[in-house]
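Undergrad: My questions are about this predicted structure, shown below with the sequence.
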Amino acid sequence: MAIDKGQQALQTPKKRSLGWEILETIIIFVIAFGFIMLLKYFVVQPYTIPSGSMLETIQIGDYVLSERLTYYWGDPKPGQVVTFWDIEYGTPKDPVYPDNPDKEPRILIKRCIAVGGQTVDLVNGKVVVDGVELDEPYTLGKPSNPLYPNLVPELTYPYTVPEGYIWVMGDNRTSSADSRYFGPVPVDNVTGHAVFTYWPLSNLGPLE
C-alpha cells in the first residue's frame, strides 16, 4: 500500500548487542558526570554550613549554593554573601601548612562589607563605611566590635581596604572570626556568591 505524503513509515528497531548497550550506558554516564563537574567547578558549588558565624541568616547545617558566574565578570560587592578560601590556611595552590593535614585549606562564608579603597570603622558597636553607618538588619542588633587578639596586630580603625581585597564579616557579629580577626581577603580567594539555601526545606530560599 502506498504511503500518503507527509506520513512516515515505522520500522522495528534492530536488536543491539549487549556490548553496545553497555558502551552506550558508559558514554551516557561519562557525559552526565562531565556535565556535573562543569557545573561544580565553573557554575555552582554546594556547601554545608558547619558553624553559627552567619546566624540568623544561615543556620548551622544548612545547605547553600554558591554561584561562580557573577565573579567571572566582576568583583564582589558590599552586601553580598561570599564564599572564599580562608587566608589563614591558604588555598590548594598555595597552602600555608603544606605538611599538616589537620590544617588543610578550607572555605568560609561571610558577608562582604567593603571593597578595595573603602574605609571601615567600628564605632560604638556599629559598622561605618566611608563615614556612613551601615543599616544591617541581618545582625539582629548584635554589636560589631573589634576582635582582640587577632592575626593582624597592626590592624587599627579606621581601616582602608587595599585594592584587590574585600572586608568580610559574619552576620553573627559576637561569634564570628572574620576580617576583624584575619584582615582583608584577596579577591582572588573568593570562590563564589552564595545565593540560595536549598536544605532543609524549612529554610529554602534566597540569601539576602
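TA: Thanks, I have the structure now. Every value quoted in this text rests on a predicted model; they were computed, and no experiment measured them.
Undergrad: show me the contacts for Arg173.
TA: Arg173 makes contact with 139, 142-145 under the criterion C-beta atoms under 8 Å, 6 or more residues apart in numbering. Placement of C-beta: from N, CA and C, glycine included.
Undergrad: How about the contacts made by the residue most central in space within the chain?
TA: Centroid-nearest residue in the chain: Thr83, 2.8 Å away (criterion: C-alpha atoms, centre = their mean). By C-beta under 8 Å, 6+ apart, the residues touching Thr83 are 45, 47, 66, 107-109, 190-194.
Undergrad: any idea which of the residues you listed is closest to Tyr181?
TA: Using C-beta to C-beta, Leu108 comes nearest to Tyr181 of the contacts of Thr83, at 10.9 Å.
Undergrad: for that closest one, helix, strand, or coil?
TA: Following DSSP: H, G, I helix; E, B strand; the rest coil, the label given to Leu108 is strand.
Undergrad: which helices and strands does the host helix or strand of Thr197 pack with?
TA: Under the criterion of DSSP states H and E, Thr197 resides in strand 190-199. The helices and strands touching strand 190-199, judged by 3 or more C-beta pairs under 8 Å, 6 or more residues apart in numbering; DSSP states H and E, are strand 44-48, strand 63-67, strand 81-85, strand 205-206.
Undergrad: Each with direction, which strands does that strand pair with?
TA: The pairing partners recorded for strand 190-199 under DSSP bridges are strand 63-67 (antiparallel), strand 81-85 (antiparallel), strand 205-206 (antiparallel).
Undergrad: Can you say which of the helices and strands packed on strand 190-199 is nearest to Gly164?
TA: When those are compared by C-beta to C-beta, strand 81-85 sits nearest Gly164, at 13.3 Å.
Undergrad: Name the surrounding residues that touch the helix or strand following the closest one.
TA: Sequence-wise, the next helix or strand downstream of strand 81-85 (DSSP H and E) is strand 90-91. When contacts are defined by C-beta under 8 Å, 6+ apart, strand 90-91 is touched by residues 85, 96-97, 105, 189.
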